[in-house]
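*Asks:* Model the following, please.
(chains A and B)
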There are 2 protein chains.
Amino acid sequence: MLESRTPISIPEAIEKVMTYKRKGSIERVSITESYGRYLGEDIIADQNVPHFNKSLYDGFAIRAQDCVEVSSEHPVEFEVVGEIGAGSVFEGEVKPFQAVRIMTGAQVPHSCDAVVMLEVTKSYEKEGKTYMALSRRAPKWEHIALKGEETKKGDVLVSKGTRINPGVTAFLATFGYADVAVVKQPVVGVLTTGSELLDVNEPLEPGKIRNSNSYMALAQIIRSGGVPKYLGKLEDDFDRCYEAVEKALEEVDILLTTGGVSVGDYDYLPAIYEKLGANVLFNKIAMRPGSVTTVAERNGQLLFGLSGNPSACYVGFELFVRPIVRSFLHSPAPHLHKTKAVLNGRFKEPNAFTRMVRGKITDEGGRLVVTPVGMDKSGAISSLAAANALVVLPGGEHGYDKGTEVNVLHLENEGTSSLWV
Amino acid sequence: MLESRTPISIPEAIEKVMTYKRKGSIERVSITESYGRYLGEDIIADQNVPHFNKSLYDGFAIRAQDCVEVSSEHPVEFEVVGEIGAGSVFEGEVKPFQAVRIMTGAQVPHSCDAVVMLEVTKSYEKEGKTYMALSRRAPKWEHIALKGEETKKGDVLVSKGTRINPGVTAFLATFGYADVAVVKQPVVGVLTTGSELLDVNEPLEPGKIRNSNSYMALAQIIRSGGVPKYLGKLEDDFDRCYEAVEKALEEVDILLTTGGVSVGDYDYLPAIYEKLGANVLFNKIAMRPGSVTTVAERNGQLLFGLSGNPSACYVGFELFVRPIVRSFLHSPAPHLHKTKAVLNGRFKEPNAFTRMVRGKITDEGGRLVVTPVGMDKSGAISSLAAANALVVLPGGEHGYDKGTEVNVLHLENEGTSSLWV
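*Replies:* Numbering: from 1, shown residues only, chains lettered A, B, ... in the order given. As a prediction, this is how the structure comes out:
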């Protein structure tokens, strides 16, 4: 009666899942609603930046050649022939030894090629005219940002699939993207199975525990960039579970279930996949926790069968679901970002399977250290709150000593394009 | 006519601002709405976890003493006297050489002290009864999570002021927080001044530029944890600006203005602070960009006068506004997180003021490297999109060579309690 399952490696499992990645369609939202979304189009410069020669300071626009001979003993006198506030334009010709008062950000008159700061000049009136005296040289193009210096019209500035952060928003505004093409967020459904589960608002009963996996997964879905849809909590009943899964597949882009994937008498997911005609990609991974994590697909739609164990559920989401969500968002970097860190903890016992231990990365003067959080015993949730990384401890015949350099996967950072191995 | 201003150091400026930090009040939201918010109360365990001795595997609950003598040659036979599905409870007494079939997560009968995995047993029927044979020993408490092993009732698990991530959500669900006390988010208003500014949906005109600072600041406000309120764009007109600022102060918790803080003829903010009777904390910082960043307070309410220069506006927000928003959210770690990294770039020229250069931190095998993004010329926005950090280059008589170890401030991470210096 006991099913025999063949474990595959974690990277192999991720690659199998990734063959079913899909890209989401595009929708338009207002720039003010776009923070945190993923760009659905490249941002292209609709203008040079600056789109005119721009003064970087308050002062005077002059012709640099007029002050070549200047010194503190021999200041040069300029007649002030106009004033340009930010946003206005001086249309006339600036002649030799003439200057135009100019504000920060304003357009430098076409006949000028330097700006001198107000602070280094002296202004005065003489015979009803305004003059300015300058006692130091101004190199050509001083204090001027040249037209197109920062960005050329037509340049691709930010690529499709980039998460919109404040810097990207500045681009969107500069180049007139009042509405922004963003990728539609995948709807990720969560269905929890287990007769032992109470909902968050129910009082405790003997033998039962509160359903924490669903709410945790809803938060993980938001963090990954998806829209969560809580589809409820089911008793261990085959027919009801089957119906719920079949219905859920119509309502969501991606479906997660938690629990029911093991080999116990009440673990119905394997039979549900079979009845659905779904293709099971794998049902055993050489990983602790979460070896029973199962992923299936039907007509290209992914069904993630996460373990009912909270740690395993958490890890399974980040390793397998997150890259699918990020791929849907067109991110070129869907995978968890791997780095190396020094292990601040000890794992005395060897394990045949690769352990994924939740940890907290800290940097100690530019050197990364990862501290396992909590004891990471199967079922332990008390360590999850502080975790910002997964420590990868490959399976084998040895444990791991404190001070060993290990691979860690960042949970809160943007991702990486290539799968860590 | 030119005002003389005395620059103060960046940490000194931040400390002055922080003397006016305020803590936000508390509101309750549903657990499903709480992701990313800041906890308004400590999370306290309302139960032991597990709250019963819990089986970690599918198998049989037994008395460990019954299999002390077992070996592969001499298996022990147990009579199977019951079955416990997850969520149900076995009320009877388990006698010597009796076993109870148990599922993962179920409550272990009070007279049992070990669980053996289904895989290592052999079940059979004999004379209408069910038996199970075991051919290896089971140490006491094997495969059982003991009551209270992970968490004791009454423990403070997560502190007020912590940002709610998926791990925190798991706690909230486990301990019955269907509604969560979270800190109200501060409303941060943004008012932009400058006659040269066009809105994002307006076509370009000679001498004018699009208003990117406001939209950038709105995104920075969201990232910091506040609720942005765009209050519009104003011409350089003293009376209209004054009225707008006075009105805005009534509508928001924190007010940002961009532009108008320099010493130009159209820089009205200093006069507005004076007319408002606001206390100017500083109006010059020994920092590039953003030396004119000005902060004032009136009746304890902060008015941040950020520079109109996009880079300076960005840096000013992160250094001065962000810690105030995070303090409002009760975060014990409001400041940008500082680390050390190796500078991948060169700054040939010395600068008397401390430079804050936007950069991108990458880790190269556990060693952090920071690459300045773009040329960081005053006014350049093209580098902002990729930035995830500020490189701190203290002012002095020397430039900085590639390979120098420098301080960097993370922009995307959670913060730190002590101000970097």
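
*Asks:* ok, for A:Met286, nearest residue in space, not its chain neighbours?
*Replies:* Small correction: residue A:286 is Ala, not Met. A:Pro7 (4.1 Å; Cβ to Cβ, 6 or more residues apart in numbering or on different chains). (Each C-beta comes from the backbone N, C-alpha and C, glycine too.)

*Asks:* Tell me how many other residues surround that neighbour.
*Replies:* By other Cβ atoms under 10 Å in any protein chain shown, 18 other residues sit near A:Pro7.

*Asks:* distance of it from chain B?
*Replies:* 14 Å (Cβ to the nearest Cβ, to the nearest Å).

*Asks:* now A:Asp42
*Replies:* For A:Asp42, the distance to chain B - Cβ to the nearest Cβ - is 12 Å.

*Asks:* Okay, that residue and A:Tyr177: tell me how far apart.
*Replies:* 11 Å (Cβ to Cβ, to the nearest Å).

*Asks:* Which one's more surrounded, these two?
*Replies:* The residue with more neighbours, out of A:Asp42 and A:Tyr177, is A:Tyr177; 25 against 14, by other Cβ under 10 Å.

*Asks:* how far away is that one from chain B?
*Replies:* Counting by Cβ to the nearest Cβ - A:Tyr177 and chain B are separated by 7 Å.

*Asks:* so that residue makes contact with A:Glu41?
*Replies:* No - using Cβ atoms under 8 Å, A:Tyr177 is not in contact with A:Glu41; the gap is 9.0 Å.

*Asks:* I'd guess A:Thr6 is in a strand, am I close?
*Replies:* No - according to DSSP: H, G, I helix; E, B strand; the rest coil, A:Thr6 belongs to no strand; its state is coil.

*Asks:* Name the nearest residue to it, ignoring sequence neighbours.
*Replies:* Closest to A:Thr6 by Cβ to Cβ, 6+ apart is A:Lys284, at 6.2 Å.

*Asks:* check contacts around the one you found.
*Replies:* A:Arg5, A:Thr6, A:Pro7, A:Ile8, A:Ser291, A:Val292 (Cβ atoms under 8 Å, 6 or more residues apart in numbering or on different chains).

*Asks:* tally of neighbours for the fifth one?
*Replies:* The local packing of A:Ser291 (other Cβ under 10 Å) involves 17 other residues.

*Asks:* again with the last one
*Replies:* Residues contacting A:Val292 under the criterion other Cβ under 10 Å number 27.

*Asks:* For it, give its distance to chain B.
*Replies:* Distance from A:Val292 to chain B, by Cβ to the nearest Cβ: 10 Å.

*Asks:* circling back: the residue nearest to A:Ala286: what's it in contact with?
*Replies:* A:Lys284, A:Ile285, A:Ala286, A:Met287, A:Ser291, A:Phe353.

*Asks:* In strands only, show me these.
*Replies:* A:Met287 (DSSP state E).

*Asks:* Could you dump the contacts of A:Pro7 into a markdown table and include distance to A:Val158 and pLDDT?
*Replies:* Putting the contacts of A:Pro7 into a markdown table (distance: Cβ to Cβ, whole Å; pLDDT from 0 to 100) gives the following:
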| residue | distance to A:Val158 | pLDDT |
| --- | --- | --- |
| A:Lys284 | 41 | 95 |
| A:Ile285 | 36 | 96 |
| A:Ala286 | 39 | 96 |
| A:Met287 | 36 | 95 |
| A:Ser291 | 41 | 93 |
| A:Phe353 | 41 | 95 |
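
*Asks:* Do a quick rundown of the helices in the stretch 201-350 of chain A.
*Replies:* Secondary structure of the stretch 201-350 of chain A (DSSP state H, counting those that start in this stretch): helices located at A:213-224, A:238-251, A:269-276, A:310-316, A:322-328.

*Asks:* What residues does A:Gly366 make contact with?
*Replies:* Counting by Cβ under 8 Å, 6+ apart, A:Gly366 has contacts B:Thr339, B:Lys340, B:Ala341, B:Val342, B:Arg367, B:Leu368, B:Glu405.

*Asks:* Excluding chain neighbours, give the residue nearest to it in space.
*Replies:* According to Cβ to Cβ, 6+ apart, the nearest residue to A:Gly366 is B:Lys340 (3.8 Å).

*Asks:* burial measure for that neighbour, as a count.
*Replies:* B:Lys340 has 16 nearby residues by other Cβ under 10 Å.

*Asks:* Lovely, talk soon.
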